Each structure stands twice: as structure tokens, then as C-alpha cells.
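>>> predicted coordinates and the sequence they were generated for:
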Amino acid sequence: MMTEPMPLGWFDLVTDLRLALMKDYPGIAITEMSADRGWLHVRCDDGGLDPASRLRLDRLVQGYVTQSLTTCMSCGSYHGRDRRGRRVICDECESTKETCNA
């Protein structure tokens, strides 16, 4: 379930996460993914996993969530900063708001 459109700058980040999940956890479904409050939120249906596998899954997902905190929502650069708690964008995109899609 996607609650809002995913920022274009996070396309590679989200694609990499989905590929990692398909590789390491092919039976796991993503039940929620959003860019709520300026960072990536992901929930997976992990009910069928043992505790050790669930912990590894949580760490995998958390790594991508952490990356979202510095990935520009507009251009995808790794120079993004939190802008008032709702957007993570780089200085260049902040200065050209008219072209920013965050």
C-alpha cells in the first residue's frame, strides 16, 4: 500500500530496497510504503518469519530508511537535509524550488 506518491528522487533507493527484499525475503510482502514526514516508512508482512529472520529483515529495511534521511527527495543526491520535518532535499534543489518535486 502506498499512501502517497513516492518522491522521484527516491526511485533508486526504493528500487534497491525492493530488489534486496526479493533476493533475501522472496515470500515477504510490503504492506505499506510512504514518504510520510520526510523519511521512508516501510512495513512488511513478517508474521511467518522466525525471530532471527525478522531481526535481519528489520535491519535491512532500517538501512534503507536511514539512507532516506540524507537522500534528496527531488534529485536523489546523497546531500539531502531535513527541511522543516517534511522534506529531505539538497541545497541545490532548495534554491530552485520551482523545479523541485519533493
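Sure thing, it's come through.

>>> now do the strands in this protein.
Using DSSP state E, the strands found in the chain span residues 30-34, 41-44, 81-83, 87-89.

>>> how about the helices in this protein?
For the chain, the helices defined by DSSP state H occupy 11-24, 51-68, 91-95.

>>> can you list the low-confidence ranges for the chain?
Counting by pLDDT under 70, the chain contains low-confidence residues at 1-4, 85, 97-102.

>>> if I look at the residue located most distally from the centre of it, how far off is residue 15?
No residue in the chain sits farther from the centre than residue 50, which is 24.5 Å out by Cα atoms, centre = their mean. Distance, residue 50 to residue 15, by Cβ to Cβ, to the nearest Å: 28 Å. Where C-beta positions appear, they are placed from N, C-alpha and C, glycine not excepted.

>>> likewise for residue 29?
From residue 29 to residue 15 the distance is 17 Å (Cβ to Cβ).
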